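S.K.: I would like the atomic coordinates for the input below:
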Amino acid sequence: MRLTPVYYYSSTSGLVRTFAERLDRPAYNLAERAHRLSEADGPWVLLTPSYKTGNDANDTVPEAVHRFLRSAVNRRTLVGVMGSGNRNFGRYYQKAAREIAARSGRPVLFEFELAGTPWDVAECRQILADLDDGLARAAHARLGAH
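M.R.: Below you'll find the model as predicted:
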């Protein structure tokens, strides 16, 4: 069964990268140009932090995420969004993930704070395993219908 890859953006703090690497599945850092310019070869999940400087006019979505989502293939094959945030951002907590999910019509699968806890990692692994199963069943059903 295919493990749905996670494409993520992590700043120099490395908090999101640390979380993504603990998920035990392919994970691609959009801070790296090669990944940012690539196209996903099937269903994938986005993991993005939200950044906020206190100015309502500032975008909370990292530029690398915007660039990756410029690809029609990447927008079409996105199946869900996960977010990392900091509760100190108040109403902007998880804003990037929620905004991308709303714009794309895809669900927010999981949210966590900063680098997440061991419980967060375990919970997210289960959510992604259930997603993998669902995608595999849907693919099998499509193949069986033809």
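S.K.: Can you pull the poorly scored residue ranges out of this structure?
M.R.: By pLDDT under 70, the low-scoring segments of the chain are 52-59, 145-146.
S.K.: Could you pull out the helices in it for me?
M.R.: Applying DSSP state H to the chain gives helices spanning 15-21, 33-36, 63-69, 72-77, 95-104, 118-145.
S.K.: what's the most buried one of the ones you listed?
M.R.: For the helices of the chain, the stretch with the most neighbours on average is helix 15-21, a mean of 21; neighbours defined as mean count of other Cβ atoms under 10 Å. Every C-beta, even on glycine, is put in place using the N, C-alpha and C of the backbone.
S.K.: Can you name every helix or strand that it contacts?
M.R.: Counting contacts by 3 or more Cβ pairs under 8 Å, 6 or more residues apart in numbering; DSSP states H and E, the secondary-structure elements packed against helix 15-21 are strand 6-8, strand 27-29, strand 44-49, strand 78-85, helix 118-145.
S.K.: please redo it, this time with the cut-off set to 10 Å
M.R.: strand 6-8, strand 27-29, strand 44-49, strand 78-85, strand 108-113, helix 118-145 (3 or more Cβ pairs under 10 Å, 6 or more residues apart in numbering; DSSP states H and E).
S.K.: what does it rub up against?
M.R.: By Cβ atoms under 10 Å, 6 or more residues apart in numbering, the residues outside helix 15-21 that reach it are 5-11, 14, 26-31, 45, 47-49, 62, 82-84, 86, 110, 112-117, 120-121, 124.
S.K.: redo that, cut-off 6 Å
M.R.: The contact list for helix 15-21 (Cβ atoms under 6 Å, 6 or more residues apart in numbering) reads 6, 8, 10, 27, 47, 49, 84, 114-116.
S.K.: could you measure the residue nearest to the spatial centre of the chain against residue 65, distance?
M.R.: Geometric centre of the chain, nearest residue: residue 46, 1.8 Å, by Cα atoms, centre = their mean. For residue 46, the distance to residue 65 equals 7 Å [Cβ to Cβ, to the nearest Å].
S.K.: ok, now how distant is residue 40 from residue 65?
M.R.: With Cβ to Cβ as the criterion, residue 40 and residue 65 are 13 Å apart.
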